[in-house]
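Asker: Prediction below, plus the sequence it came from.
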Amino acid sequence: MLLVSIIGSICQLFILPVLAHAIGERKVLSTGLLMEVFGAGLLSVSWAAWVPYATTVFVPGVMFVMPSVYGIASKQVGSSEQGKVQGCISGVKSFAAVVAPFVYSPLTALFLSENAPFYFPGFSLLCISLSWMIGFLQSLLIKDVPSPSTNEAIINTSTEELSLTRDNS
């Protein structure tokens, strides 16, 4: 966990801003979710001691998901509604953190017990990977929204053109 935290912090500090500016937050979000799918999927089928260390390769993408979500949502609303949107996202995230153990702990216990319907100790991790896949597919449907500065430039240009048109008539 220490290795994941160190790698994630460095990536969020140095790589995320460059990537978000170069390819856009939507693509960064999709890439991060796809890396989550691969990481959880790999963990679900591999039970060697070295696998958790190997999956740290996916940590940079994983650490890009929530900042990208916050950035995309922030661009969707005006400055007076930022707190509501960020609070809503935090509320959904907190609700998921409370509900997930109630769902995945019994599932994990079932597939690790001797009464499992079939032998697949990593079945709960595969279910997590599939839920990340649903998020990835939904991220592909997000439309790119221009940044607020671009919106202001468009509005200012439109206003200037409108006033020039009125002056000429």
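Answerer: Noted; the coordinates are in hand. All of these numbers come straight from a predicted model, not from anything done at the bench.
Asker: Next, V77: phi, psi?
Answerer: Dihedral pair for V77: phi -130, psi 170, per degrees, to the nearest 10.
Asker: Tally up the residues packed near the residue lying closest to it once chain neighbours are set aside, please.
Answerer: With Cβ to Cβ, 6 or more residues apart in numbering as the criterion, V77 has its nearest non-adjacent residue at 5.1 Å, and that residue is V85. No exception for glycine: its C-beta is placed from N, CA and C like everyone else's. For V85, the count of nearby residues is 16 (other Cβ atoms under 10 Å).
Asker: V85: which element?
Answerer: helix 82-112 (DSSP states H and E).
Asker: can you tell me how far the residue nearest the centre of the chain sits from F111?
Answerer: Closest to where the C-alpha atoms of the chain average out (Cα atoms, centre = their mean) is V65, at 2.6 Å. Going from V65 to F111 by Cβ to Cβ, to the nearest Å gives 26 Å.
Asker: Which residue ranges of this structure form helices?
Answerer: For the chain, the helices defined by DSSP state H occupy 2-10, 16-23, 25-45, 51-54, 59-62, 65-76, 82-112, 123-139, 148-168.
Asker: Identify the residue spatially nearest to G61, adjacent ones excluded.
Answerer: M35 (3.0 Å).
Asker: got the contact list for S44?
Answerer: Going by Cβ atoms under 8 Å, 6 or more residues apart in numbering, S44 touches G122, F123, S124, L125, L126, I128, S129.
Asker: Take those residues and lay them out in a markdown table including pLDDT and distance to G41.
Answerer: Shown next, in a markdown table, are the contacts of S44 (pLDDT from 0 to 100; distance: Cβ to Cβ, whole Å):
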| residue | pLDDT | distance to G41 |
| --- | --- | --- |
| G122 | 87 | 9 |
| F123 | 91 | 12 |
| S124 | 91 | 12 |
| L125 | 89 | 8 |
| L126 | 92 | 7 |
| I128 | 91 | 9 |
| S129 | 92 | 4 |
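Asker: Tabulate those residues in JSON lines, adding columns for neighbour count and distance to M1.
Answerer: Compiled in JSON lines, these are given as follows (neighbours: other Cβ atoms under 10 Å; distance: Cβ to Cβ, whole Å):
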{"residue": "G122", "neighbour count": "20", "distance to M1": "19"}
{"residue": "F123", "neighbour count": "18", "distance to M1": "23"}
{"residue": "S124", "neighbour count": "21", "distance to M1": "19"}
{"residue": "L125", "neighbour count": "22", "distance to M1": "17"}
{"residue": "L126", "neighbour count": "16", "distance to M1": "22"}
{"residue": "I128", "neighbour count": "22", "distance to M1": "17"}
{"residue": "S129", "neighbour count": "20", "distance to M1": "20"}
